[in-house]
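Q: Pasting the sequence and the predicted coordinates here, then a few questions.
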Amino acid sequence: MIGRIFGILALALALWGAGAVAQEFVLSEGALSDNDFYRLVACAAPPGKACRKPFVRWAADRPLRVSIERIDPVFLGGKTKRAKASLQRAMQRIDDASAGLALVRVPEGQEADIRILFLDIPAGGKVAGSGVEGLDGQVLGGASTRVWYSGAARPGEETGIKRAAIVFSRTLSMRAYESAMLEELTQALGLMTDIRNPWYNTRSIFSEDSNARKDLGVQDIMVLQRHYPPR
């Protein structure tokens with residue numbers, strides 16, 4: 001639920017029309033098959049139906065560089081410590097999933113593929129002064145992820161991710177950082193659609209209506225391994 005993705009994926013606007021917005025979640029009922037769950041999360045396909053987004057992936061030929069690039073003064077103190085710890089835990093949980101993609105944390109100031117910012121902006125406000133091309137002007141959730149990919153891929157087609165940014169608002173509760181960081185970082189890997197389905201409220205980080213999990217569910221791990229097959 002925390003991980004609302006703001007705006008449509010960059011460069012898709014030319015295909016889907018300026019001002020269009022990506023669907024944030026898909027409705028379903030009960031336990032889904034692994035195939036239906038994967039397609040829902042990876043390309044916004046309702047169970048048994050066609051994709052509504054492209055499949056987007058990072059090239060897995062090198063570790064992805066992840067960095068907390070900016071933490072505004074409003075987060076100083078306990079929030080900063082919790083933010084840094086939550087990133088470390090999220091990276092470890094993704095690593096434990098044994099997918100064919102590695103993450104490495106790089107210091108602030110070094111070039112990163114996934115840039116994380118904690119901005120002095122409330123949820124519902126527009127991002128400004130981020131320093132990230134294509135990010136300013138987007139409406140921010142409690143925490144939000146934006147992914148840029150290559151070309152104007154159509155729904156169901158595959159393309160590569162070029163860069164990603166995760167933004168935390170100042171109004172997100174510190175207690176939610178661990179769950180939010182895991183959700184956002186997983187979504188930044190190209191798994192960008194939440195599921196609205198009560199059965200998954202305690203079973204998946206992709207649940208639209210719950211922040212109950214601080215680790216990856218069984219089908220969450222399956223999705224990561226299917227999107228990035230173990231080597």
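A: Yes, it's here.
Q: Once you drop chain neighbours, what's closest to V218?
A: Nearest non-adjacent residue to V218, counting by C-beta to C-beta, 6 or more residues apart in numbering: R203, 7.5 Å away. C-beta here means a position set from N, CA and C on the backbone, and glycine is covered the same way.
Q: Return the distance of that neighbour relative to T186.
A: Distance of R203 to T186, computed by C-beta to C-beta, to the nearest Å: 15 Å.
Q: what about the two, which has more around it?
A: For R203 versus T186, neighbours defined as other C-beta atoms under 10 Å are more numerous around T186 (25 against 18).
Q: residues contacting G160?
A: By C-beta atoms under 8 Å, 6 or more residues apart in numbering, the contact set of G160 is V56, R57, W58, A59, Y149, S150.
Q: mind putting these in JSON lines, secondary structure, neighbour count and distance to W199 included?
A: Shown next, in JSON lines, are the contacts of G160 (DSSP: H, G, I helix; E, B strand; the rest coil; neighbours: other C-beta atoms under 10 Å; distance: C-beta to C-beta, whole Å):
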{"residue": "V56", "secondary structure": "strand", "neighbour count": "26", "distance to W199": "26"}
{"residue": "R57", "secondary structure": "strand", "neighbour count": "18", "distance to W199": "27"}
{"residue": "W58", "secondary structure": "coil", "neighbour count": "23", "distance to W199": "29"}
{"residue": "A59", "secondary structure": "coil", "neighbour count": "11", "distance to W199": "34"}
{"residue": "Y149", "secondary structure": "strand", "neighbour count": "23", "distance to W199": "30"}
{"residue": "S150", "secondary structure": "coil", "neighbour count": "12", "distance to W199": "35"}
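Q: Quickly name whichever of those is closest to R115.
A: Using C-beta to C-beta, W58 is the member of the contacts of G160 that lies nearest R115, at 13.9 Å.
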